[in-house]
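Student: Just the structure for this:
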Amino acid sequence: MSELKYKYHPVIPDLKISEDGTSIIWKDAPVLIRNYTKNGKVYPRVNIIGRTFMVSRLVCYTFNGPPPENESIVKHIHGDSNHYKNLMWELSGSNNPLIQRKMSEKDKIEAARLLKKGKTKKAVAEQFKVSISTIKRLKRVYT
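Tutor: Residues are numbered from 1 along each chain as shown. Presented below is the predicted three-dimensional model:
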């Protein structure tokens, strides 16, 4: 098993974050990660410099760069893991067409073909870097 990769937050001085958000260090001291529960979902968060930050947002900003828009939220691609590879920025607002990750027509057809061959929705979603719900919608339309 490999050691966790750490990076310093590009804006908050002396804040070091692990790649999966399980360890956060500020000014050489570990930061207590507290879980916040809303509607049955658990959200890890921390208090630093008098503010509360969601761990997923800190990880995404540190490892994936700043959000493209101020209104951007962090989206978990698969499940609830806060690993930076599982996080991406998304514009908030359920009616905003920009929040849906685009798949080319060729990719949609290929994904449908893989589903028909028995590949799982999760595996297809991972291959095309989209959510499982996107693949579920695609399956209804293309199969």
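Student: Report pLDDT for the residue nearest to V11 when sequence neighbours are not counted.
Tutor: Spatially, and ignoring its direct neighbours in sequence, V11 is nearest to Y61 (7.5 Å; C-beta to C-beta, 6 or more residues apart in numbering). Bear in mind the C-beta positions are built from the backbone N, C-alpha and C, glycine included. Per-residue pLDDT puts Y61 at 94.
Student: where does Y61 land in three-state SS?
Tutor: Following DSSP: H, G, I helix; E, B strand; the rest coil, Y61 is assigned to helix.
Student: show me what contacts it?
Tutor: 9-11, 67 (C-beta atoms under 8 Å, 6 or more residues apart in numbering).
Student: same thing with I135?
Tutor: 111, 115, 121, 124-125, 128.
Student: SS state for it?
Tutor: Three-state call for I135 (three-state DSSP): helix.
Student: okay, and for the protein, where does confidence drop off?
Tutor: Scanning the chain for pLDDT under 70 picks out 1, 70, 92-102, 141-143.
Student: mind checking how far the most centrally placed residue in it is from K116?
Tutor: Compute the mean C-alpha point of the chain, and by C-alpha atoms, centre = their mean the closest residue is L87, 1.9 Å away. Distance, L87 to K116, by C-beta to C-beta, to the nearest Å: 31 Å.
Student: number of nearby residues for G65?
Tutor: Number of residues near G65 (other C-beta atoms under 10 Å) recorded here: 10.
Student: repeat for K38
Tutor: Neighbours around K38, by other C-beta under 10 Å: 7.
Student: can you tell me which residues contact it?
Tutor: Residues near K38 by C-beta under 8 Å, 6+ apart: none.
Student: how about the helices of the chain, start to end?
Tutor: 55-64, 105-116, 121-128, 132-142 (DSSP state H).
Student: Tell me which of these lies nearest to K27.
Tutor: helix 55-64 (15.2 Å; C-beta to C-beta).
Student: which of the residues in that closest one are buried?
Tutor: Neighbour-count burial for helix 55-64, counted by 16 or more other C-beta atoms under 10 Å, picks out 55-63.
Student: now the residues you listed in TSV, with distance to G40?
Tutor: TSV is the format used below for these (distance: C-beta to C-beta, whole Å):
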residue	distance to G40
V55	18
S56	17
R57	20
L58	23
V59	22
C60	23
Y61	26
T62	28
F63	27
